[in-house]
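>>> Fold the stuff below for me.
(2 chains)
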Amino acid sequence: MTDATPTQTAASGSRTLSAAAAAFEKQARVVSPARQTIRRFLRHRLAVVGLVIATLIVLLSIFAPLVTEHGPNTIDLRARNQGPSAEHWFGTDRTGRDTFARTIYAGRVSLAVGVVAVAISVAIGSILGAVAGFFGGWVDSLIMRFTDVIMTFPPIVIILTVAALAGPGVRNTMLVIGLLNWPIPCRLVRAKFLAIREMEFVVAARALGAPRRRIIGLHAFPNVIDVLIVYASLGIATAILLEAGLSFLGLGVQPPTPSWGNMLNPARNVSILEQYPWQWMPAGAAIVLTVLAVNFIGDGLRDALDPRMKI
Amino acid sequence: MGRYIQRRIAIAIPILLAITVLIFLLLQLTPGDPLDSYVPPDQPLPAEQREALRRQLGLDRPLVIRYLYWLRETVQGNLGYRAKTFEPVTDAIAHRIGPTLLLMGTAMVIGITVGVSLGVLAAVKQYSILDTVLTVLAFLGVSLPVYLAGLLGLYIFSLRVSWFPSGGFQTPGEPFSVLDRLHHLILPASIIAINYVASTMRYTRSAMLEVLGQDYVRTARAKGLNEKLVIGVHALRNALLPVVTIIGAYIPNLLGGAVFIESIFSWPGMGRLFLDGVESRDYPLIMGMTLILAIVILTANLLTDIAYAIVDPRIRYD
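Alright, predicted model coming up:
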């Protein structure tokens, strides 16, 4: 920025005047909404901290083989249950596998489950929500009563039941969490669509004879993207917690594939809990850090996109 | 008011029916033959005997007929028998419901009292260091999953410093005493309450801040009322209105927390029973418990709506 300062103004007359005019023009230039959003987000201190932590965790998981030379499943029976050392930063587990390596490789699985599960629930939720909100009437009532039914169950109870029936594994865990979490995005999208349906630009598009598919997809849908982004960020946190809970109980991701949840599972045994805290604490810390970071980001996004938004 | 309650109940009934259908269908989709839970699959049994047993159990009937049979028995309070022990499901639940109610009730009391107090404190001292610390702690509390809190709590308070027993709900071999029960209860109940405290606090804080900006609070201050009275009577009473809604809304989460905490602390309640059922694929037990939990939650939602309508007369009843 070349702001005209008082000293410059004193120096010479007409040149500074034009400089001031230029500076004024620069300031008055319209800032694009996207820019404003990014600015508001960056002003949210906790959100920026969250973004930094989340980026670090994602990078560690993706570049796990470069960060550590230990494999997540390399068994070393001569180094069982060892405490943290220079060789094994977080110690080793009961078969001598490196806990640090397992924790960062587990990030791949846990983050993937979170992202895919949210993608599934956002896809289902926004389609059903758009249909319900746009068409209204009995279609709306039917879909809304269905979400009521799904939302009546305590999430973990219904997820445990379905997980027990479907069987464990990475793919099933993603599906179960994704297929049971769509009611929230569905309600959000429906509420927005109910309002949008009556707005002039939609009425205009309808009057011009645009097909309904085009109105929903091209005219109405862009207006719910901000709500969905905020939901997705908070939803990833929920999905990561659910995956970890399921795997903790032994009904989610199965060993030897490491996930943060199934690394906590051996700690259900009191003697492991007491004697080898380094075997379960890193996974626990990873869960809390990730969820905290994602929640901060979600909060920042909400404030940046629309402070009045209620999620 | 009476009509409002009637209407809310009338809406709840079809939802409940839909839930029964869903639960029934869910278990029909399970792989494997239901006969296997009566006769082990590796045990040779002549085909005609299998058929006879199938007919005797009614498994040859169409799905709709089986659903109606199941519904008729369920309405009469017969939830069937556990697959392995043949204990009636209702008995199994009846034995376990007491400890769970105790655990959840205590957690709720802790959650509401601590959460509301901290929320008021944070709102009154808005933007102070205390407020910032509490806000960050609340974030931490919401982000800390109950199973991890359980492991950490057990590790720190029972194994490192033995303030509390590491599990069970009374000292084995000793007669029942209230103190002993409390000693076993406090740690798991506080851990379940962490999430609850955190969200009640955030809720109370924002409700309180909204109320504190209202004209009648300024009037109360202007006429020289004691600040304690302004906060405690004029502001808090109105700020608590929205907090009422989350009391009911949080029951599903508490039940979910009970599954983990009862498992970690060997608490003999419904959460552990449910987990046992899931692990041994005890379908009658899973069905019965899911149904009961759904009814509990529906009732809680209903009571929340009614309570809200009572405390806030501005709610429209139609």
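>>> How many residues are close by residue 228?
I'll assume chain A. Neighbour count for A:L228, taken as other Cβ atoms under 10 Å in any protein chain shown: 20. To be clear about C-beta, it is placed using only N, CA and C from the backbone, and glycine gets the same treatment.
>>> wait, I meant chain B there
Neighbours around B:K228, by other Cβ under 10 Å: 8.
>>> any idea of the mean pLDDT in the helix or strand hosting it?
According to DSSP states H and E, B:K228 maps onto helix B:227-229. When pLDDT is averaged along helix B:227-229, the result is 84.
>>> Check which residues of the helix or strand following that helix are buried.
As assigned by DSSP H and E, the chain's next helix or strand after helix B:227-229 is helix B:236-249. By neighbour count on 16 or more other Cβ atoms under 10 Å in any protein chain shown, the buried set for helix B:236-249 is B:L236, B:N238, B:A239, B:L240, B:P242, B:V243, B:T245, B:I246, B:I247, B:G248.
>>> Looking at the third one now. What's its pLDDT?
If you check B:A239, the pLDDT there is 84.
>>> In this structure it contacts B:S206, no?
No. Here B:A239 does not reach B:S206: they are 9.0 Å apart, not a contact under Cβ atoms under 8 Å.
>>> Where does pLDDT dip in the stretch 1-150 of chain B?
The stretch 1-150 of chain B contains residues with pLDDT under 70 at B:30-43.
>>> Can you check the pLDDT for B:A220?
88.
>>> need the contact list for it.
B:L229, B:V230, B:H234 (Cβ atoms under 8 Å, 6 or more residues apart in numbering or on different chains).
>>> What subset of those residues is buried?
B:V230, B:H234.
>>> Same list as before, the contacts of B:A220 that is, but in CSV and with distance to chain A included.
Shown next, in CSV, are the contacts of B:A220 (distance: Cβ to the nearest Cβ, whole Å):
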residue, distance to chain A
B:L229, 32
B:V230, 28
B:H234, 26
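>>> Tell me the one of the contacts of B:A220 nearest A:D98?
Taking Cβ to Cβ as the measure, A:D98 lies nearest B:V230 of these, at 59.2 Å.
>>> What separation do you get for the closest residue to the closest one other than its chain neighbours and chain A?
Closest residue in space to B:V230, ignoring its immediate chain neighbours: B:A220 at 4.8 Å, by Cβ to Cβ, 6 or more residues apart in numbering or on different chains. The gap separating B:A220 from chain A is 28 Å, by Cβ to the nearest Cβ, to the nearest Å.
>>> Return the helix or strand encompassing B:A220 as PDB; C-alpha atoms alone will do.
In the assignment (DSSP H and E), B:A220 maps to helix B:215-222. Output of helix B:215-222 as PDB, limited to C-alpha atoms (Å, rounded to 0.1, in the frame of the first residue of the first chain):
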ATOM      1  CA  ASP B 215     -33.300  -3.400  28.600                       C
ATOM      2  CA  TYR B 216     -34.800  -4.900  31.700                       C
ATOM      3  CA  VAL B 217     -31.300  -5.800  33.000                       C
ATOM      4  CA  ARG B 218     -30.200  -2.200  32.400                       C
ATOM      5  CA  THR B 219     -33.300  -1.100  34.200                       C
ATOM      6  CA  ALA B 220     -32.600  -3.400  37.100                       C
ATOM      7  CA  ARG B 221     -29.100  -2.000  37.400                       C
ATOM      8  CA  ALA B 222     -30.300   1.600  37.000                       C
END
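>>> That one to helix B:236-249, inter-axis angle?
Per axes from the mean of the first three to the mean of the last three Cα atoms, to 10 degrees, the angle that helix B:215-222 makes with helix B:236-249 is 140 degrees.
>>> And helix B:215-222, what's buried?
By neighbour count on 16+ other Cβ under 10 Å, the buried set for helix B:215-222 is B:V217, B:A220.
>>> For it, what is the distance to the chain centroid?
Remark: helix B:215-222 is offset 39 Å from the chain centroid, using Cα atoms, centre = their mean, to the nearest Å.
>>> follow-up on the earlier one: okay, and the common contacts of B:A239 and B:S206?
With Cβ under 8 Å, 6+ apart, B:A239 and B:S206 have common neighbours B:A123.
>>> Give me the next element, helix or strand, following whatever helix or strand A:L142 lives in.
Using DSSP H and E, A:L142 sits in helix A:137-152. Downstream of helix A:137-152, the first helix or strand assigned by DSSP H and E is helix A:155-166.
>>> Give the other helices and strands that that following helix contacts.
helix A:170-180, helix A:225-248, helix B:2-28, helix B:251-264, helix B:270-279, helix B:283-311 (3 or more Cβ pairs under 8 Å, 6 or more residues apart in numbering or on different chains; DSSP states H and E).
>>> can you give me the strands in the stretch 101-250 of chain B?
With strands called from DSSP state E, counting those that start in this stretch, the stretch 101-250 of chain B shows none.
>>> Tell me the residues of it that contact chain A?
With Cβ under 8 Å from any Cβ of the partner chain as the criterion, the stretch 101-250 of chain B meets chain A at residues B:139-140, B:142-145, B:147-148, B:151-152, B:154-155, B:159, B:166-167.
>>> Try it again at 6 Å.
B:S143, B:L144, B:P145, B:Y147, B:L148, B:L151, B:Y155, B:L159 (Cβ under 6 Å from any Cβ of the partner chain).
>>> Rebuild the residues you listed as TSV, extending it with neighbour count.
Formatted as TSV, these follow (neighbours: other Cβ atoms under 10 Å in any protein chain shown):
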residue	neighbour count
B:S143	22
B:L144	21
B:P145	25
B:Y147	28
B:L148	28
B:L151	23
B:Y155	18
B:L159	15
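>>> Can you list the low-confidence ranges for the stretch 1-150 of chain A?
A:1-17, A:21, A:23-30.
>>> Quick check: the residue of it nearest chain B.
A:V149 (4.8 Å; Cβ to the nearest Cβ).
>>> Need the nearest residue in space to that residue, chain neighbours excluded.
That would be B:A18: by Cβ to Cβ, 6+ apart, it lies 4.8 Å from A:V149.
>>> Count the neighbours of that neighbour for me.
Neighbours around B:A18, by other Cβ under 10 Å: 16.
>>> Tell me how far it lies from A:I150.
Remark: distance between B:A18 and A:I150 (Cβ to Cβ, to the nearest Å) = 10 Å.
>>> Quickly find the element holding B:R55.
Element membership of B:R55 [criterion: DSSP H and E] is helix B:47-56.
>>> which parts of that helix are buried?
B:R54.
>>> CA-only coordinates of it in CSV, if you can.
Written as CSV, here are the backbone C-alpha positions of helix B:47-56 (Å, rounded to 0.1, in the frame of the first residue of the first chain):
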residue,chain,number,x,y,z
ALA,B,47,-33.5,-81.7,7.4
GLU,B,48,-37.0,-82.5,8.4
GLN,B,49,-36.2,-81.8,12.1
ARG,B,50,-34.8,-78.4,11.1
GLU,B,51,-38.0,-77.8,9.1
ALA,B,52,-40.1,-78.8,12.1
LEU,B,53,-38.2,-76.5,14.4
ARG,B,54,-38.5,-73.7,11.8
ARG,B,55,-42.3,-74.2,11.7
GLN,B,56,-42.5,-74.4,15.4
